[in-house]
Structure formats: structure tokens, C-alpha cells
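Engineer: Make a model of this:
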Amino acid sequence: MAKQNAFYAQSGGVTSVINASACGVIETARKHSDQIGTVFAGRNGILGALTEELIDTSALSDETVKQLRHTPGGAFGSCRYKLKDIETHRTQYERLIEVFKAHNIGYFFYNGGNDSADTCLKIAQLAESMNHPLKAVHIPKTVDNDLPVTDNCPGFGSVAKYIAVSTREAALDIESMCATSTKVFILEVMGRHAGWIAGAGGLAGQGEGEAPHLIIFPEIPFDRATVMARVDDCVKKYGYCVIVISEGARYADGTFLADAGTTDAFGHKQLGGVAPTLAGMVKQDLGYKYHWAVADYLQRSARHLASATDVAQAYAVGEAGVKLALEGKNSVMPTIVRTSDTPYRWEIGEACLSDIANVEKFMPRDYITPDGFGISEAGREYFEPLIQGEDYPPYEKGMPVYIQLKHQLAEKKLPDFQP
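Structural biologist: Prediction:
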């Protein structure tokens with residue numbers, strides 16, 4: 001078969017290691033230049049394909065590509081853009097295939113989470129119906145760690161490390177001042193429906209009385225009276241209380257504690273402000289002095305504190321995605337398979353996109369303590385290996401050295417298209 005080009009795109013919220021996956025894709029494709037021609041990257045994700053803004057990565061030196069491995073953010077630009085329903089907006093999907101045909105693209109690597117897995121599957125199916133030979137492979141990425149089948153998701157291990165470390169450091173701060181100052185500290189973390197990131201905060205403490213004293217998961221219905229009683233008990237017993245709360249914390253009826261009243265491009269409710277909401281309850285019900293913080297983008301962009309395990313896995317799924325495509329696989333996703341807990345070992349597997357798309361993986365109940373406010377030994381056994389090891393970026397004058405790419409676009413061959 002004649003050599004074809006590849007298209008790679010980054011989707012959704014970026015991570016501190018998503019560029020390591022990009023590095024894995026590009027470097028592996030270059031090692032197989034007899035089968036893969038140019039690797040194009042979508043400028044601002046899938047939008048780059050629709051608008052035919054294709055970044056020519058062949059213009060990047062090997063050294064520049066190598067530096068992607070330690071650079072956070074999305075080097076080629078990402079987007080929160082949901083393709084419309086294929087039945088009613090078929091022309092949008094057909095546009096993608098037309099761009100692929102015009103640029104001889106036979107390989108599609110889409111680096112993202114649940115929604116992008118669905119997009120990748122739909123594009124693969126449409127390409128087949130339009131008789132365009134396309135190998136579509138989803139490269140897993142999400143800090144939320146909620147993709148099914150795979151043991152964990154690249155991007156999560158580094159967020160978990162950041163939250164665990166931040167919780168421990170903040171707890172030492174609060175403990176040292178609690179006699180005369182703040183009694184309750186609340187850290188809000190990401191996680192709309194799944195409490196994986198909040199659970200990682202539990203790694204900060206090892207024993208009785210150590211922070212965090214409460215973890216509030218989306219999977220456990222929030223009961224104000226129970227939570228306030230627990231906070232009060234902690235302050236009286238230890239002098240202070242540290243809480244890690246997921247942005248997706250909700251009441252028994254499914255209502256979010258902090259629903260912003262808007263939705264994003266994918267129809268998901270926009271959340272934010274659960275920490276001040278909970279702080280208001282503490283003030284009203286208990287009267288304790290409090291402080292709260294929102295990890296927000298800091299948790300997903302902190303490459304200086306990345307987990308070495310996470311960096312290795314992010315690169316590996318990018319590498320594996322290319323190899324799966326070259327093996328003729330289509331509509332698949334490389335997965336991380338845990339083969340041993342002690343010592344921790346993992347390998348790359350694969351899964352069908354039909355088993356991945358639009359399916360969320362939640363925290364197992366046995367990873368959470370019986371009272372619903374902490375992680376169990378089973379949870380700790382799951383989390384701990386994922387934050388292991390340090391993979392520091394190079395530093396210069398006290399600052400990490402990251403790269404910002406100059407996007408050299410390929411010449412357009414089709415009429416303009418309005419997404």
C-alpha cells in the first residue's frame with residue numbers, strides 16, 4: 001500500500017503530560033517513515049481538521065519534538081468542540097474526510113477523553129462508509145481518570161501527585177497556625193462525576209488524625225448535618241480540619257452543591273465554587289475560621305511536579321497508538337494494564353472504542369472507607385504507584401524550560417469551511 005500521512009489532534013482539557021503522548025506519536029511515526037509520511041497536527045484540535053489548519057510537524061527538529069515530552073499544556077492547541085450529531089449534520093463529518101483525502105491522511109490519532117473517543121469512533125465509521133482507508137486510534141488522556149477498560153489514564157498520575165503533595169503541605173501550614181487562626185481548610189479539586197482526583201488527596205495522610213480529615217466524593221451523597229458534625233469533631237479532636245472536595249460533590253437527589261447554571265460545548269454542567277459553598281456552611285453552622293482554595297488549572301498544568309510513571313505511560317500510549325495503526329488496527333485505544341501491585345508493573349493493552357466511547361468509570365466503593373470520607377487500603381494500593389518517581393523538566397535561571405512551537409501550516413487545498 002502506498003505511504004500515507006497521519007493526523008494527530010489534542011482534545012479537551014489538556015494535562016501536564018499530553019505533549020509526552022504527542023512526542024510518542026511523532027517520534028514513533030518518524031521511526032516508520034517507510035509507512036507513514038508527514039504527521040500533521042490539528043491546530044486547536046479537531047477544529048484544525050475542519051478549517052484545514054494542519055500543522056506540518058516535519059518542520060520540527062528531532063530535538064524540538066523531544067522537548068515536547070517535558071512541556072505542559074497542548075503544544076498544538078486543544079479545543080472543547082463537540083461535533084454535531086452525525087445524522088443531522090453529516091456535512092461536518094464529511095468535511096473531515098474530504099480534508100483527509102486532500103492531504104492523503106490514512107492515520108488518525110485523537111488524543112483525549114470520553115467525548116473524543118466517541119468522535120474518533122464516528123469518524124472511523126464514516127470513513128469506511130465513504131470508502132476512505134483510515135486507521136483511527138484514540139490516544140487516552142484525561143486528568144479525571146474516568147475512561148473505562150484502562151487501569152488509569154495518562155494525565156491523572158501527575159494531578160494525583162500534585163493534589164497529594166499540596167494537601168500535605170497546606171495541612172502543615174494550617175496545623176501550625178490553628179491555635180490562633182484558621183481551623184478549617186478546604187481544597188476544591190476537579191472531578192465532575194468521578195472522585196479519582198479527590199481520592200488522590202488521601203495519599204497526603206497515613207494515619208489517625210493526619211490530613212485530609214475528610215474527602216468529599218461525587219460518588220457519596222452529601223449530607224450537610226453529617227459533614228458538619230465530622231468537621232466539628234475533627235477541630236475539637238485535632239485542632240483543625242482539612243477537607244478535599246470534588247467539584248462534582250452532590251446531594252442524594254443528584255443536585256450539585258455548586259451548579260453554575262451553564263453547560264459547556266459537550267452539554268456538561270459547568271461547575272465551580274463548591275469550596276466557598278462548603279466554607280459558607282462551616283461559617284453558618286459551626287462559626288470556625290476557615291480558608292479555601294481551588295486547585296483549578298494549577299493541578300493539571302504542574303509539569304514541574306509530574307509523576308515519572310505518568311510521563312512514561314503518556315509517551316507509551318502515543319507510541320502504541322502508532323504501532324496499532326501500523327498493524328492495521330482500527331477504532332481501538334491503547335490501554336494501560338496493571339500486571340502487578342507490588343512491585344508495580346504495567347504493560348500496554350488495547351480496547352475497542354465501542355467499549356470506551358461515552359462511558360465513565362467511577363471510584364469503586366471499596367476504594368472508599370466505610371464512612372465515605374477517606375480512601376481505603378484498596379484505594380491507597382491503587383493510587384500510590386501512579387504518583388511514583390520524579391521527572392523534572394530542565395531548569396534555567398531557576399525556571400523550567402518549556403517550548404512554544406511556531407505552527408507552520410500546510411498549504412490549504414480545499415475551499416474555506418465554517419465549523
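Engineer: Give me the longest helix you can find in the chain.
Structural biologist: Secondary structure assigned by DSSP state H gives helix 156-177 as the longest helix of the chain.
Engineer: Please identify the buried residues of that helix?
Structural biologist: Neighbour counts over helix 156-177 (16 or more other Cβ atoms under 10 Å) mark 156-168, 170-171, 173-175 as buried. Backbone N, C-alpha and C define where each C-beta goes, glycine included.
Engineer: and that helix, how far out from the chain's middle?
Structural biologist: Between the centre of helix 156-177 and the centre of its chain there are 19 Å (Cα atoms, centre = their mean, to the nearest Å).
Engineer: just stretch 140-159 next, same as before
Structural biologist: Put simply, stretch 140-159 sits 6 Å off its chain's centre (Cα atoms, centre = their mean).
Engineer: ok, the closest residue to Pro221 other than its chain neighbours - how many residues close by?
Structural biologist: In this structure, Pro221 finds its nearest non-sequential neighbour in Ala252, 3.9 Å apart by Cβ to Cβ, 6 or more residues apart in numbering. Using other Cβ atoms under 10 Å, Ala252 has 9 other residues around it.
Engineer: Also Gln10?
Structural biologist: Gln10: 31 neighbours (other Cβ under 10 Å).
Engineer: measure it to Ser307 for me?
Structural biologist: From Gln10 over to Ser307 the distance is 20 Å, taken as Cβ to Cβ, to the nearest Å.
Engineer: Low-confidence regions, the stretch 201-350 of the chain specifically.
Structural biologist: Within the stretch 201-350 of the chain, the segments meeting pLDDT under 70 span 260-272.
Engineer: now the helices: where do they sit in it?
Structural biologist: 224-238, 274-285, 296-301, 308-326 (DSSP state H, counting those that start in this stretch).
Engineer: Deepest in the core, which of these is it.
Structural biologist: Among the helices of the stretch 201-350 of the chain, helix 308-326 has the highest mean neighbour count (mean count of other Cβ atoms under 10 Å), at a mean of 24.
Engineer: which strands and helices sit next to that helix?
Structural biologist: helix 18-31, strand 105-112, strand 135-140, helix 156-177, strand 332-340, strand 345-352 (3 or more Cβ pairs under 8 Å, 6 or more residues apart in numbering; DSSP states H and E).
Engineer: again, 10 Å this time
Structural biologist: strand 4-10, helix 18-31, strand 36-42, strand 105-112, strand 135-140, helix 156-177, strand 332-340, strand 345-352 (3 or more Cβ pairs under 10 Å, 6 or more residues apart in numbering; DSSP states H and E).
Engineer: what mean pLDDT does the longest one have?
Structural biologist: Summarised as a single mean, pLDDT over helix 156-177 is 98.
Engineer: Need the phi and psi values for Asp144.
Structural biologist: Main-chain torsions, Asp144, degrees, to the nearest 10: phi -70, psi -20.
Engineer: can I see the domain layout of the protein?
Structural biologist: In terms of domains, the chain is parsed into 4-154+305-358+390-400, 157-303 (source: automatic domain parsing).
Engineer: closest one to Arg365 among these?
Structural biologist: Arg365 lies closest to domain 157-303 among these, at 7.3 Å (Cβ to Cβ).
Engineer: Can you give me the end-to-end span of the closest one?
Structural biologist: 11 Å (Cα to Cα, to the nearest Å).
Engineer: now swap in stretch 61-77 and tell me
Structural biologist: Start-to-end span of stretch 61-77 (Cα to Cα) is 19 Å.
Engineer: how about it: buried residues?
Structural biologist: Quick answer for stretch 61-77 (16+ other Cβ under 10 Å): 64-65, 67-77.
Engineer: Save these as JSON lines, and put in pLDDT and distance to Glu384 too.
Structural biologist: As requested, those are exported to JSON lines (pLDDT from 0 to 100; distance: Cβ to Cβ, whole Å):
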{"residue": "Thr64", "pLDDT": "98", "distance to Glu384": "35"}
{"residue": "Val65", "pLDDT": "98", "distance to Glu384": "32"}
{"residue": "Gln67", "pLDDT": "98", "distance to Glu384": "30"}
{"residue": "Leu68", "pLDDT": "98", "distance to Glu384": "28"}
{"residue": "Arg69", "pLDDT": "98", "distance to Glu384": "24"}
{"residue": "His70", "pLDDT": "98", "distance to Glu384": "23"}
{"residue": "Thr71", "pLDDT": "98", "distance to Glu384": "27"}
{"residue": "Pro72", "pLDDT": "98", "distance to Glu384": "23"}
{"residue": "Gly73", "pLDDT": "97", "distance to Glu384": "27"}
{"residue": "Gly74", "pLDDT": "97", "distance to Glu384": "28"}
{"residue": "Ala75", "pLDDT": "98", "distance to Glu384": "30"}
{"residue": "Phe76", "pLDDT": "98", "distance to Glu384": "33"}
{"residue": "Gly77", "pLDDT": "97", "distance to Glu384": "34"}
